[in-house]
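J.: Sequence isn't available, so here's the structure alone:
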């Protein structure tokens, strides 16, 4: 008789440590004798019945997964709508789960994934199908509610703070005859968490980064340019960190000024630094450089935070534990019990409280003038980037990242007509 | 009686390890009882008589310098012209050197700096002023002749290869429903060394990076786009690495298509990835992301190569040795004696042979189709990124980079009317 199965899927933008969560899920499940299937490309793989048999992976590969960035089984940007609108898809999902004896479904992602896991669990109840659904947190955007922070954020935050500190030393050395203004573009469409993390690189108004632009505050060009000029006059150069999602007072994305739309009709972001650099050049006449780290910031496993890695592993382990205990429709949340010393624990939080909500920066984390972080933000952020969780390197000077076998499971159902 | 003095200056774009060279210069000079002054902002500090007394720095600070990126005394982009054209400046320089009993002048930079050090040494001979001038190599562009490689390059190369490997895992995981093409822009205005280093991240036509664009080969849009489409069809996604300096068949910088000029009338580069991404989107209709690491790639001390660090220290130490031996107008060059095992030594090379020349990628390093590196390139590049020379980190999760005191030396001359 086949053993009951746990299905694990990754969702949304991947991070430096989502595979560490996957590694912990596999390790913990194996310890309990549970068979784990993984969906290829997130929920789409579940709908398409494209599943991988993780029992084919060696113990060494599962261990190496914990230090490998990206999403080892593939992830997806695919949001299921309401049970009414997308009922056929939810039903197909249950059909696939049933066909493979899946009793536990772990969905590793952000707000949308928590919502999907929640809806799947509701439908299973309705159908009388015995299924435990667990949301597992992950996002560099750090915008999930209830949990104190999100696995993936700490490592991206460490990358951001370290990179800004390093580039600032470069700019400082060259400013006399070269670049006077440097603009760093951080991810964060609606919440300024990563931009805020850059603030850890400095410790006063005259240390870089000198100005941070948050999506939580309207972008005021005249005020911004005046401050850039003031910093250059006082310090000799100015390092700016801008969140990709900053908006003008009318609510439009600043990036749209140079903008465009992506294939889904979404605003194609990524042009904020370039835009601001152009304004600085044209209006202030200062030599300017900018950087757009883009995916580098969320895949930089080489500079992962130990705190982040520990938490990514802890939520994976807890998720399996909750699943096996039958705690349906919850997410392992990270609860901070103390700032100094930094202490945290994992507790189950109902998906109902998490799905489709978004946590922006609290007012008290943004300096009154709007261009920097407060001591409270620093207390919150600093423990999250602590510790260096280096991957092992080969003789070739490159990190030893693992590629899984990803052995397909034989399909049992007709093809999905999605 | 004051001790004779060694003057050290940094020039051009700084690197992750130029301060390691500075640290070695100070350490070696101290061991020989030689007093070291450092010019503020390179040759400009020498002209302006803005000198720092490095004897005020603690031994701990000098040690920490070896793991601190940027340019600790400031650098500059300032090229002295010929002895005829800029005679007054060269004479002012000698005047400053004489006023401070400078007997040894170490100029740490690229082609231009080798040229300046060479010219200063010639004028000193003409004036009968006893001065030994040494060029000390440094450049992430790796374009100095004679020396096998340049300190600063190996660390930027390691950053490039690691970052491309990491981001490629991210793109691979998301390609089914999101980004299909990712473009990474590498520094290198005239030589494709850093773009080539990205090639170390993969090991076949179907592993990322799939396409590399070198400034040594004319950019052919139709051919490029056809290959992008082929790779996407075959692999599911395509990672492109483009050198900032790629040019169309007519010789114009591709970056100029979206371009502009900097304050010196130079082409303002940095827009190649953005431009290529736009072409891929408009012509192929594929979802595309791009990254412009800019200064991050040359200041990333957190992922420095041990080989590079060793060589940066070795050239600094050798430069002091050559100076004290009176070997005038030379540069410590890195001579490779074996690929496997990788072996190298330092030898003096005449500045006459180095000044104002530029080493581009040999033909045999670029694959025949023009879009990748050869086994020979791999043999050359791989040892240069070997080993991880991590800086120490604080409890705050950030590297412990040092800020020197930079105590000014009292001026002895009237202000420079440059």
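T.: Cool, got the structure. Computed from a predicted model, the values in this text were never measured in an experiment.
J.: looking at it, residue A:195 is touching residue A:245, isn't it?
T.: No. With contact defined as CB atoms under 8 Å, residue A:195 does not reach residue A:245; the gap is 9.1 Å. Bear in mind the C-beta positions are built from the backbone N, C-alpha and C, glycine included.
J.: Point out the residues in the stretch 201-350 of chain A that sit beside chain B.
T.: Residues of the stretch 201-350 of chain A lying close to chain B by CB under 8 Å from any CB of the partner chain are A:201, A:260, A:262-263, A:270-271, A:274, A:281, A:285, A:287, A:289-296, A:298-303, A:305, A:307.
J.: Show me just the buried residues among those.
T.: Using 16 or more other CB atoms under 10 Å in any protein chain shown as the burial test, those include A:201, A:262, A:270-271, A:274, A:281, A:287, A:289-296, A:298-303, A:305, A:307 as buried.
J.: Residue A:195 and residue A:245: who's more crowded?
T.: Neighbours were counted for residue A:195 and for residue A:245 using other CB atoms under 10 Å in any protein chain shown; residue A:195 has more, 31 against 24.
J.: Checking that one next. Helix, strand or coil?
T.: Under DSSP: H, G, I helix; E, B strand; the rest coil, residue A:195 falls in the helix class.
J.: who touches it in this structure?
T.: Shown in contact with residue A:195 (CB atoms under 8 Å, 6 or more residues apart in numbering or on different chains): A:160, A:186, A:188, A:212-214, A:241-243.
J.: In helices, which of those residues appear?
T.: Within these, residues falling in helices by DSSP state H are residue A:160.
J.: ok, back up a step: overlap in contacts, residue A:195 and residue A:245.
T.: Common contacts of residue A:195 and residue A:245, defined by CB under 8 Å, 6+ apart, comprise residue A:188.
J.: so which of the contacts of residue A:195 comes closest to residue B:395?
T.: Within the contacts of residue A:195, distances to residue B:395 taken as CB to CB reach their minimum at residue A:160, with 18.6 Å.
J.: neighbours around the closest one, how many?
T.: Using other CB under 10 Å, residue A:160 has 30 neighbouring residues.
J.: roughly how far is the helix or strand bottoming out on mean pLDDT in chain A from the heart of the chain?
T.: Here the helix or strand of chain A ranked lowest by mean pLDDT, DSSP states H and E is helix A:272-279, holding a mean of 90. With CA atoms, centre = their mean, to the nearest Å as the basis, helix A:272-279 stands 25 Å off its chain's centre.
J.: Show me what it is packed against.
T.: strand A:181-186, helix A:221-235, strand A:238-243, strand A:288-291 (3 or more CB pairs under 8 Å, 6 or more residues apart in numbering or on different chains; DSSP states H and E).
J.: Would you map the strands across chain A?
T.: For chain A, strands defined by DSSP state E occupy the ranges A:5-10, A:35-39, A:51-53, A:102-109, A:132-137, A:181-186, A:211-213, A:238-243, A:288-291, A:330-338, A:343-350.
J.: Not counting its own residues, what contacts the least confident helix or strand of chain A?
T.: Outside helix A:272-279, the residues that touch it by CB under 8 Å, 6+ apart are A:181, A:183-185, A:213, A:221, A:224-225, A:240, A:242-244, A:246, A:254-255, A:257-258, A:288-292, B:274.
J.: List only buried entries from the residues you listed.
T.: Using 16+ other CB under 10 Å, the buried members of these are A:181, A:183-185, A:213, A:224-225, A:240, A:242-244, A:246, A:254-255, A:257, A:288-292, B:274.
J.: What residue spans form the domains of chain A?
T.: Split into domains by automatic domain parsing, chain A comes to A:5-151+A:302-358, A:153-299.
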